[in-house]
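A.B. asks: sequence-free structure coming up:
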Ligand SMILES: Cc1cc2nc3c(=O)[nH]c(=O)nc-3n(C[C@H](O)[C@H](O)[C@H](O)COP(=O)(O)OP(=O)(O)OC[C@H]3O[C@@H](n4cnc5c(N)ncnc54)[C@H](O)[C@@H]3O)c2cc1C
Ligand code: FES
């Protein structure tokens, strides 16, 4: 397994939107093997150590460097945002499975809610490298919290924006734009890739099941070990009509077929 437990140094850690930061560090081994959808498990031990690591998707890979784009949620991410350039960081990764982009229908539609768009950036790069027409639906609470629009446009993704308060783009949810697009007969059968809050993913799944569109979702359940041991991250997966099995987001995931998740549980 190409997973590494390594020390790195923060090269930069900049605020990029309200409550959101972009952290860059040098991690040549992780950079070498990172695949779209995979994540790193970060030990945040500024002062009194937090016992559990925190998981973050690898946002970009740039030579020997990787970045992660994160939202301040609680104590761990608050502390992380206060770590200056030069701080030593302990990271484990790359972890988890990856998005499947081989033999999937085109175009690709990426649906990102809030910091969920961070999990779709490496995927966008992989799709555009293969010259696959890629549409990005980016949702945020407001303009100040909007993420990744310029990064996506820079690699040729056609971006559509939705904000809860209507401060920019469509006034409403990204799922409204998704429904409109799928209703258009002119669109070939696409593949949907989504990441964001659980309620948004459940809504995406409901819509795409109705339209019979293949959909992959990256789940962001809370994690403990991220090594498949503690079972702290499980989500309910439908094995057949009568059977549900709990699978580990850290090892069987984080990417699942949306139709397999038992969203109602
Ligand atoms: C595979 C994976 C990839 C992720 N990638 C990213 C990423 O690229 N960018 C990013 O900003 N975040 C990402 N996350 C979420 C991120 O790990 C959490 O926001 C972070 O661990 C919160 O840590 P904290 O110490 O700040 O908050 P905590 O103090 O641990 O929690 C604060 C509050 O938020 C709730 N909470 C914490 N984590 C989650 C969660 N995952 N889902 C729902 N509620 C939660 C807690 O219940 C608590 O109420 C990812 C999660 C997973 C599992
Ligand atoms: S976080 Fe421990 S099994 Fe997934």
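C.D. replies: All right, it came through fine. This structure is a prediction, so every number in the text was calculated from the model and none was measured. Residues are numbered from 1 along each chain as shown. Ligands and ions are numbered 1, 2, ... in the order given.
A.B. asks: any idea how far residue 264 is from residue 237?
C.D. replies: 13 Å (CB to CB, to the nearest Å). From N, CA and C alone the C-beta is placed, and that goes for glycine too.
A.B. asks: so for these two, which sits in the more crowded spot?
C.D. replies: residue 237 (17 against 6; other CB atoms under 10 Å).
A.B. asks: and the helix or strand where that one lies with ligand 2, contact?
C.D. replies: Using DSSP states H and E, the element containing residue 237 is strand 234-240. No: applying CB under 6 Å from any ligand atom, one finds strand 234-240 out of contact with ligand 2, separated by at least 7.1 Å.
A.B. asks: which residues sit against that strand?
C.D. replies: By CB atoms under 8 Å, 6 or more residues apart in numbering, the surrounding residues in contact with strand 234-240 are 219, 221, 244-249, 252-253, 256, 260-262, 265.
A.B. asks: near ligand 1 at all, it?
C.D. replies: No: contact between strand 234-240 and ligand 1 is absent, the nearest approach being 10.3 Å (criterion: CB under 6 Å from any ligand atom).
A.B. asks: distance from the chain centre to that strand, please.
C.D. replies: Counting by CA atoms, centre = their mean, to the nearest Å, strand 234-240 is centred 20 Å from the centre of its parent chain.
A.B. asks: quick one: name whatever helix or strand follows it.
C.D. replies: strand 243-248.
A.B. asks: next, see if that following strand gets close to ligand 1.
C.D. replies: No: Strand 243-248 lies out of reach of ligand 1 by CB under 6 Å from any ligand atom, never closer than 10.8 Å.
A.B. asks: stretch 68-75 now?
C.D. replies: Yes: Stretch 68-75 is in contact with ligand 1 by CB under 6 Å from any ligand atom, via 68, 69, 70, 71, 73, 74, 75.
A.B. asks: which of the helices or strands spans residue 45?
C.D. replies: Per DSSP H and E, there is no helix or strand for residue 45.
A.B. asks: give me the pLDDT for it.
C.D. replies: If you check residue 45, the pLDDT there is 79.
A.B. asks: and the gap between it and ligand 1?
C.D. replies: Computed with CB to the nearest ligand atom, to the nearest Å, the distance linking residue 45 and ligand 1 is 12 Å.
A.B. asks: go on, residue 123?
C.D. replies: In terms of CB to the nearest ligand atom, residue 123 sits 12 Å off from ligand 1.
A.B. asks: I figured that residue hits residue 191, correct?
C.D. replies: No: look at residue 123 against residue 191 with CB atoms under 8 Å: they stay out of range, at 10.6 Å.
A.B. asks: re the thing from before, of the residues of stretch 68-75 next to ligand 1, buried ones?
C.D. replies: 68, 69, 70, 71 (16 or more other CB atoms under 10 Å).
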